[in-house]
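Trainee: Structure here, sequence nowhere to be found:
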């Protein structure tokens with residue numbers, strides 16, 4: 001009689017540690033596997049071999065997405081996984097944990113003698129962290145990339161996507177022919193760290209996302225006059241930083257008037273010119289990052305922040321420009337999968353919180369192709385995208401067991417030994 005599949009935490013931890021031998025900076029403790037870097041491609045080659053050693057049928061698509069199939073060779077699959085790339089100086093868990101959990105689920109099923117009726121494909125998506133402004137791996141799978149975007153995409157240093165992929169032996173144009181037909185993917189599941197403090201503060205071991213916030217990035221320039229800080233009277237200044245400060249000061253009022261509990265507005269990237277201690281700033285360039293799970297609310301927030309820029313410019317004697325740099329619409333994840341995950345959590349005796357995701361994930365892109373679900377595990381102090389990123393292994397085990405139970409249910413897995 002087959003045993004009930006159980007997550008092997010020690011084996012899972014060893015797998016994640018193996019991933020994190022790639023791109024580690026020993027001086028900072030951070031990880032550097034930015035999309036299409038040498039470290040990113042090296043970890044992909046290593047992980048592909050791990051799946052091959054487990055007896056999975058493996059392949060790599062034209063953008064370096066990795067797939068490891070367990071179960072019937074033909075027919076649709078249940079896809080499970082996340083991404084292996086990181087932000088610069090990122091943490092050990094973001095993305096990589098979800099890929100490792102997906103493979104561990106398959107290992108646990110194999111150990112217990114469970115074979116899926118519908119195949120399970122472990123996936124490690126490529127370039128999720130947005131070095132080139134999107135989530136290229138999952139967008140390719142879902143058929144969302146366009147030739148124009150592939151040709152024009154560049155990173156913050158001006159490096160073209162086509163060039164970065166070419167340096168790794170990949171042809172960017174082949175991404176257009178790499179989409180998976182909807183009939184091929186029955187569902188997608190992703191486990192990810194929360195990247196926020198909600199679960200930890202509530203003392204709840206797992207979160208189940210019902211939606212993913214959309215994002216609008218507004219690139220703003222305020223232009224005044226650079227002048228001597230000691231000789232220019234306050235009333236005669238055209239201080240670009242004063243204008244920037246006024247825009248930042250407007251954020252709480254904008255959310256109070258046009259937003260809600262799920263609204264987020266951040267000014268996180270700023271450049272001042274000439275940026276010198278004795279000079280009144282003559283120019284401020286910054287990005288306003290706007291997020292919400294409701295498309296109408298997100299649009300209203302963007303319009304209100306544009307007005308805040310106009311007001312700040314007028315009061316401070318500045319000229320201005322506003323450009324919508326990028327937009328991703330909010331996504332509601334599959335309600336049936338939310339219910340299934342909550343039901344499986346209940347069967348396991350796990351308290352679960354249905355919640356939105358404020359950060360973008362592959363699940364939101366995959367929802368355009370197939371029903372998609374997203375499981376969260378707590379992040380210590382809500383920290384992510386930093387070397388201090390941490391999730392306790394007790395919490396990881398609970399989230400991984402929920403993923404395993406859901407995959408067994410969705411794939412119709414049965415004991416064969």
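Mentor: Structure's in. What do you need? Nothing here was measured: the structure is a model prediction, and the numbers come from that model.

Trainee: For the rest of this, base every contact and every neighbour count on C-alpha atoms.
Mentor: Fine.

Trainee: Helices of this protein, start to end?
Mentor: Listed in chain order, the helices of the chain (DSSP state H) span 9-19, 38-53, 96-111, 136-141, 147-152, 161-167, 198-202, 240-258, 295-316, 335-347, 362-366, 393-411.

Trainee: How is this structure partitioned into domains?
Mentor: 9-213+330-415, 214-328 (automatic domain parsing).

Trainee: can I get the ones you listed in CSV with mean pLDDT?
Mentor: Shown next, in CSV, are these (pLDDT from 0 to 100):
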stretch, mean pLDDT
domain 9-213+330-415, 96
domain 214-328, 96
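
Trainee: Can you tell me which of the helices of the chain is nearest to residue 377?
Mentor: helix 393-411 (6.0 Å; C-alpha to C-alpha).

Trainee: between the closest one and helix 335-347, how many degrees?
Mentor: Going by axes from the mean of the first three to the mean of the last three C-alpha atoms, to 10 degrees, helix 393-411 is angled at 120 degrees with respect to helix 335-347.

Trainee: Mind giving me the packing neighbours of helix 393-411?
Mentor: Packing contacts for helix 393-411, counted by 3 or more C-alpha pairs under 8 Å, 6 or more residues apart in numbering; DSSP states H and E, involve strand 77-83, helix 96-111, strand 119-125, strand 185-193, strand 206-212, helix 335-347, strand 372-377.

Trainee: buried ones in the longest one?
Mentor: Across helix 96-111, burial judged by 16 or more other C-alpha atoms under 10 Å covers 96-110.

Trainee: if we can go back for a sec, pick the most deeply packed of the domains of the chain.
Mentor: Most buried of the domains of the chain, by mean neighbour count (mean count of other C-alpha atoms under 10 Å): domain 9-213+330-415, with a mean of 20.

Trainee: give me phi/psi at residue 168?
Mentor: Phi and psi for residue 168, reported as degrees, to the nearest 10, are phi -100, psi 10.

Trainee: which residues does it contact?
Mentor: Applying C-alpha atoms under 8 Å, 6 or more residues apart in numbering to residue 168 gives the contacts 36, 38, 41.

Trainee: which one is residue 259 nearest to, not counting chain neighbours?
Mentor: Of all residues not flanking residue 259 in the chain, residue 297 sits nearest, at 6.0 Å (C-alpha to C-alpha, 6 or more residues apart in numbering).

Trainee: wouldn't that neighbour be in contact with residue 258 here?
Mentor: Yes - counting by C-alpha atoms under 8 Å, residue 258 is a contact partner of residue 297 at 6.8 Å.

Trainee: contacting residues for the residue nearest to residue 388 when sequence neighbours are not counted?
Mentor: Leaving aside its sequence neighbours, residue 388 sits nearest to residue 91 (C-alpha to C-alpha, 6+ apart; 6.7 Å). Contacts here follow C-alpha under 8 Å, 6+ apart; on that basis residue 91 touches 30, 31, 384, 385, 386, 387, 388, 389, 390.

Trainee: Distance check, residue 91 against residue 307.
Mentor: 37 Å (C-alpha to C-alpha, to the nearest Å).

Trainee: now residue 179
Mentor: For residue 179, the distance to residue 307 - C-alpha to C-alpha - is 40 Å.

Trainee: In the chain, which residue is most central in space?
Mentor: residue 361 (3.6 Å; C-alpha atoms, centre = their mean).

Trainee: distance of that residue from residue 102?
Mentor: 16 Å.

Trainee: now residue 121
Mentor: 9 Å.

Trainee: residues shared between the contacts of these two?
Mentor: residue 80.

Trainee: residues in contact with residue 195?
Mentor: 359, 378, 379, 382, 383, 384.

Trainee: I'd like to know which of the residues you listed is nearest to residue 6.
Mentor: For these, the residue nearest residue 6 by C-alpha to C-alpha is residue 378; the value is 20.6 Å.

Trainee: Report the contact partners of the closest one.
Mentor: Contacts for residue 378 (C-alpha under 8 Å, 6+ apart) come out as 193-200, 205-207, 391-392, 395.

Trainee: Check whether residue 243 really touches residue 313, as I assumed.
Mentor: Yes - applying C-alpha under 8 Å, one finds residue 243 in contact with residue 313, separated by 6.0 Å.
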